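Asks: requesting a structural model of the entry that follows:
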Amino acid sequence: MNRAGSVSYAPAGHAALRVRRASVLVHRRAVLVAGALAVLLACACVAYLCTGESFVAPGEVVRVVLGQPSPDELVVGTLRLPRLVVGLLAGAAFGIAGATIQTVARNPLASPDVIGVTHGAGLATVTAMSFGLVAHDALPYVSVAGGLSAALLVYVFAWRRGLHASRFVLIGIGVSVALGSLTQLVLTKGDVVVAQQAKVWLTGSLNSRGYDQAGPLALVLLCALPAVVWASRAQRGASLSDDTARALGIRLNGVRLGLTALGVVLTSVATGATGPVDFVALLAPQIARRLTRTTQIPLVSSALTGALVVVVADLLARRLFHPVELPVGVLTAAVGAPYLMWLIARTGRRSRGAAS
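Replies: Next up is the predicted model:
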């Protein structure tokens, strides 16, 4: 069938959708998984808006979201919905960022919070807070600048006639440790009250977050859509070995630089909005890849998984130890740290098995 919108021949497990003169290869399982994740995310959002100091019926939640008059407008529309929107956008940004960084590194252990991006954002923000260098409204921009500076530092040290995956990860971990130590040093030198506020920010929290933080994050994600579409295709070349990519005429260094830049920008902006919510960028791409069983990390599923992880984690953080409210980063770290240790142990067993 050659007419517009018809399905052409495709490899097993894929469908080639032909629209006019363009043909797009779609992985059937990835589409089904993305649809299932979207449904789960919608259910999690409704549960998030229903649950709190007072329970709101799902019907009233839907009315508020649709802009219809409701007696629960204050609770749902003013108090809970802005916080939810920030969580959704930040989770999606972390998920896409983790997918691009792991593609470049060709390593499931790599993520923006492991290679120093979030630690750079944290150091810059804590320094600005502790010494009163900028106004509070400017802190998200300081966070973005810190994350970009840390990524540039890793890139400069990792570059040696090209960007090699193993060197990129190892240097990123070293920079991350160094920046974390500097952050702790800054906390001991600043004002005690401000230092406590900075420590709360460093755990990652959606408390008091609203449309002021969601607006810039949404704008960046919207502007990044063309880059995300490009990244979904560029992943295929970035996952190849250096020799294979050169043989196919792929400019591997440029592709890796573009993917890394996309991941760093999204991570820095999301960190500026919520603080460093650790391990979301590590978990989401691997969960998405295992669900879809694709060769490359699916960006759409990674974004949906990241958003789902943040929303569910923040819901649990609000209600698990009520009336005490935990920062969302505490919950994600509690899940992500054991996963990271398991992943390291699993990678080590594979390496020993390959060597023997």
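Asks: now do the contacts for residue 76.
Replies: Contact analysis of residue 76 by Cβ atoms under 8 Å, 6 or more residues apart in numbering lists 49, 56, 60, 61, 64, 65, 70. All C-beta atoms are positioned from the backbone trio N, CA, C, and that covers glycine.
Asks: pull out the buried residues from the helix or strand containing residue 287.
Replies: Secondary structure from DSSP states H and E places residue 287 in helix 280-292. By neighbour count with 16 or more other Cβ atoms under 10 Å, helix 280-292 contains the buried residues 280, 281, 282, 283, 284, 285, 286, 287, 288, 289, 291, 292.
Asks: quick one: it to chain centroid distance?
Replies: Averaged C-alpha coordinates place helix 280-292 at 10 Å from its chain's average position (Cα atoms, centre = their mean, to the nearest Å).
Asks: elements contacting it?
Replies: helix 28-50, helix 81-105, helix 299-319, helix 328-355 (3 or more Cβ pairs under 8 Å, 6 or more residues apart in numbering; DSSP states H and E).
Asks: let's have these in a markdown table, adding mean pLDDT, distance to residue 177 and mean neighbour count.
Replies: Listed next are the helices and strands packed on helix 280-292 as a markdown table, based on pLDDT from 0 to 100; distance: least, Cβ to Cβ, whole Å; neighbours: other Cβ atoms under 10 Å:
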| stretch | mean pLDDT | distance to residue 177 | mean neighbour count |
| --- | --- | --- | --- |
| helix 28-50 | 93 | 34 | 17 |
| helix 81-105 | 93 | 17 | 28 |
| helix 299-319 | 93 | 25 | 25 |
| helix 328-355 | 70 | 15 | 15 |
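Asks: to residue 208, which of those helices lies closest?
Replies: helix 81-105 (8.2 Å; Cβ to Cβ).
Asks: which of the contacts of residue 76 has the most neighbours?
Replies: residue 49 (25 neighbours; other Cβ atoms under 10 Å).
Asks: would you reformat the helices and strands packed on helix 280-292 as JSON lines and include distance to residue 238?
Replies: Listed next are the helices and strands packed on helix 280-292 as JSON lines, based on distance: least, Cβ to Cβ, whole Å:
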{"stretch": "helix 28-50", "distance to residue 238": "18"}
{"stretch": "helix 81-105", "distance to residue 238": "5"}
{"stretch": "helix 299-319", "distance to residue 238": "13"}
{"stretch": "helix 328-355", "distance to residue 238": "20"}
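Asks: can you tell which of the ones you listed is closest to residue 276?
Replies: helix 328-355 (6.7 Å).
Asks: returning to what we had before: out of the helices and strands packed on helix 280-292, nearest to residue 214?
Replies: helix 81-105 (4.7 Å).
Asks: mind showing which ranges of this protein have poor pLDDT?
Replies: Residue ranges of the chain with pLDDT under 70: 1-27, 161-165, 239-243, 245-246, 248-249, 340, 343-344, 346-356.
Asks: what residue is smack in the middle of it?
Replies: Nearest to the geometric centre of the chain sits residue 94, at 0.7 Å (Cα atoms, centre = their mean).
Asks: if we can go back for a sec, okay, the angle between the helix holding residue 287 and helix 28-50?
Replies: Using axes from the mean of the first three to the mean of the last three Cα atoms, to 10 degrees, the inter-axis angle of helix 280-292 relative to helix 28-50 is 130 degrees.
Asks: in CSV: the buried residues of helix 280-292, plus distance to residue 186.
Replies: Compiled in CSV, those are given as follows (distance: Cβ to Cβ, whole Å):
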residue, distance to residue 186
280, 25
281, 24
282, 25
283, 28
284, 30
285, 31
286, 32
287, 34
288, 35
289, 37
291, 40
292, 41
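Asks: could you pull out the helices for the stretch 51-200 of the chain?
Replies: Secondary structure of the stretch 51-200 of the chain (DSSP state H, counting those that start in this stretch): helices at 58-65, 81-105, 117-131, 139-158, 165-189, 192-203.
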